[in-house]
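Provided below are the primary sequence and the corresponding predicted coordinates.
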Amino acid sequence: MGNRGAIRLESLTRSYGRVVALDDVDLEVRAGEMITLVGPSGSGKSTILRLIAGLDRPDQGRIVVDGQDVVRVPPHRRAVAMVFQDYALYPHLTVLGNLLFGLRVRRVRRAEAERRARAAADRLGIADLLDRYPDQTSGGQRQRIALARALLREPTVYLLDEPLASLDAPLRFATRADLLALHRELGTTTIHVTHDQAEAMTLGDRVAVLDRGRVRQIGPPQQVYDEPADTFVAGFLGSPPMNLVPGGGVLGGAAGLILGVRPEDLELDTDGPIEATVEAAEALGSETILLTRCPDGTRLTVRTGPRPGVRPGEGVRLRPDPGRLHRFDAETGRRR
Ligand SMILES: Nc1ncnc2c1ncn2[C@@H]1O[C@H](COP(=O)(O)OP(=O)(O)OP(=O)(O)O)[C@@H](O)[C@H]1O
């Protein structure tokens with residue numbers, strides 16, 4: 001299984017009327033890799049998944065899975081399992097019925113189908129729910145049912161469209177770990193769409209950042225975070241986003257450049273070179289986000305410890321970590 005599921009998207013383009021959902025996208029996913037797609041709403045993430053699943057067709061370009069162009073292959077003939085945000089379970093079937101459905105379509109014999117369904121349910125910890133209907137289960141349980149159903153397809157590729165989005169924070173955290181463990185165990189190629197910063201950073205070998213139908217950058221999450229290719233990526237990955245100062249300003253003059261510094265790379269320091277006033281402080285428990293404003297009007301966001309001891313209205317001094325300044329071309333926005 002480990003060598004299957006390599007995907008290559010070549011010059012993939014898809015428009016809906018005047019909206020260009022995907023604009024000449026090239027993307028390679030290695031066999032067994034888990035890749036995360038992030039980007040603002042409408043940037044084309046779901047469109048990529050739907051095209052790979054065969055639920056929609058590109059206007060141009062190729063979708064090559066294991067060396068074969070699948071654009072004309074109907075969805076049920078593609079070895080792909082998609083898990084949707086709303087899980088898309090059949091409400092009139094029990095959980096077991098939902099798990100068996102795909103196996104029946106594929107003419108797996110009843111006893112064998114049940115054996116496999118129970119094994120998948122065991123693996124995802126939902127064995128005691130098999131006789132219930134989907135509306136008698138919780139959001140987290142439904143998510144596991146949908147994953148179990150995807151597992152039963154034994155696909156060479158998983159496509160996950162925000163599968164954790166409707167779970168509460170602790171459950172998301174736990175399920176994220178389960179997803180990673182499942183992926184390590186199965187080694188099946190997975191493409192995962194998320195809006196969640198933590199998932200983007202942790203749930204993939206590589207992350208691809210999309211903007212208006214184009215891939216802006218792709219790479220290991222930490223690398224993309226540490227070396228964003230342009231100001232868009234710098235502003236998108238990371239929460240709160242990187243401070244970007246045209247001309248350098250308080251971060252040091254830099255004609256023709258935009259200088260950037262992440263909130264965690266600005267330190268409160270009474271001898272710091274930057275003078276600022278605290279406008280707001282968000283105490284988040286484990287950390288505090290300070291929104292500050294410099295005399296020249298520049299706003300800087302600072303990530304600091306849980307109890308920084310400063311209040312809105314107070315003056316502070318900030319020290320940027322000189323090794324962590326980012327330089328971008330003012331005209332193109334590209335990293336320099
Ligand atoms: N069937 C459709 N008909 C018309 N426009 C569509 C259709 N599907 C997608 N679009 C448009 O294509 C663009 C890309 O949509 P897509 O769903 O891929 O974005 P997304 O990045 O997944 O967004 P979100 O994060 O909000 O789910 C959007 O502007 C969307 O409105």
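On my side now, so go ahead.

S43 belongs to a helix, doesn't it?
No. Checked against DSSP: H, G, I helix; E, B strand; the rest coil, S43 lies outside a helix; its state is coil.

I'd guessed it sits against A208; true?
No. Using Cβ atoms under 8 Å, S43 is not in contact with A208; the gap is 10.4 Å. (Each C-beta comes from the backbone N, C-alpha and C, glycine too.)

buried residues of stretch 177-185, list them for me.
By neighbour count with 16 or more other Cβ atoms under 10 Å, stretch 177-185 contains the buried residues D178, L179, L182, H183.

need phi/psi at the nearest residue to L171 once chain neighbours are set aside.
Leaving out its chain neighbours, the residue that sits closest to L171 by Cβ to Cβ, 6 or more residues apart in numbering is G140, at 4.7 Å. Here the main-chain torsion angles of G140 (degrees, to the nearest 10) amount to phi -70, psi -40.

OK, contacts around G140?
Residues counted as contacts of G140 (Cβ atoms under 8 Å, 6 or more residues apart in numbering) are L167, L171, T175.

what stretches of this structure score poorly on pLDDT?
Filtered on pLDDT under 70, the chain yields the residue ranges 1-2.

nearest the middle, which residue of it would you pick?
Central residue of the chain (Cα atoms, centre = their mean): T194, 3.4 Å from the mean position.

thought that one was touching V38?
Yes. Counting by Cβ under 8 Å, V38 is a contact partner of T194 at 6.2 Å.

so what sits against both of those two?
Listed as contacting both T194 and V38 by Cβ under 8 Å, 6+ apart are A200.

which helix runs longest in the protein?
In terms of residue count, the longest helix belonging to the chain (DSSP state H) is helix 169-186.

can I get the CA coordinates of it in PDB?
Only the C-alpha atoms of helix 169-186 are listed here, as PDB (Å, rounded to 0.1, in the frame of the first residue of the first chain):
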ATOM      1  CA  ALA A 169     -11.600  22.000  21.300                       C
ATOM      2  CA  PRO A 170     -10.700  19.000  23.600                       C
ATOM      3  CA  LEU A 171     -12.300  16.500  21.200                       C
ATOM      4  CA  ARG A 172     -10.500  18.100  18.300                       C
ATOM      5  CA  PHE A 173      -7.200  17.800  20.100                       C
ATOM      6  CA  ALA A 174      -7.800  14.100  20.900                       C
ATOM      7  CA  THR A 175      -9.100  13.300  17.400                       C
ATOM      8  CA  ARG A 176      -6.200  15.000  15.800                       C
ATOM      9  CA  ALA A 177      -3.900  12.700  17.600                       C
ATOM     10  CA  ASP A 178      -6.000   9.700  16.500                       C
ATOM     11  CA  LEU A 179      -6.000  10.800  12.900                       C
ATOM     12  CA  LEU A 180      -2.200  11.100  13.000                       C
ATOM     13  CA  ALA A 181      -1.800   7.700  14.600                       C
ATOM     14  CA  LEU A 182      -4.200   6.200  12.000                       C
ATOM     15  CA  HIS A 183      -2.200   7.700   9.200                       C
ATOM     16  CA  ARG A 184       1.100   6.500  10.600                       C
ATOM     17  CA  GLU A 185      -0.400   3.000  10.900                       C
ATOM     18  CA  LEU A 186      -2.000   2.800   7.400                       C
END
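
between helix 169-186 and the helix or strand just after it, find me the angle.
Of the helices and strands lying after helix 169-186 in sequence (DSSP states H and E), the nearest is strand 189-193. Between strand 189-193 and helix 169-186, the angle comes out at 160 degrees (axes from the mean of the first three to the mean of the last three Cα atoms, to 10 degrees).

residues of strand 189-193 that come out buried?
For strand 189-193, a neighbour-count test (16+ other Cβ under 10 Å) marks T189, T190, I191, H192, V193 as buried.

make a markdown table out of these and add distance to the ligand.
Compiled in a markdown table, those are given as follows (distance: Cβ to the nearest ligand atom, whole Å):
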| residue | distance to the ligand |
| --- | --- |
| T189 | 20 |
| T190 | 17 |
| I191 | 12 |
| H192 | 12 |
| V193 | 6 |
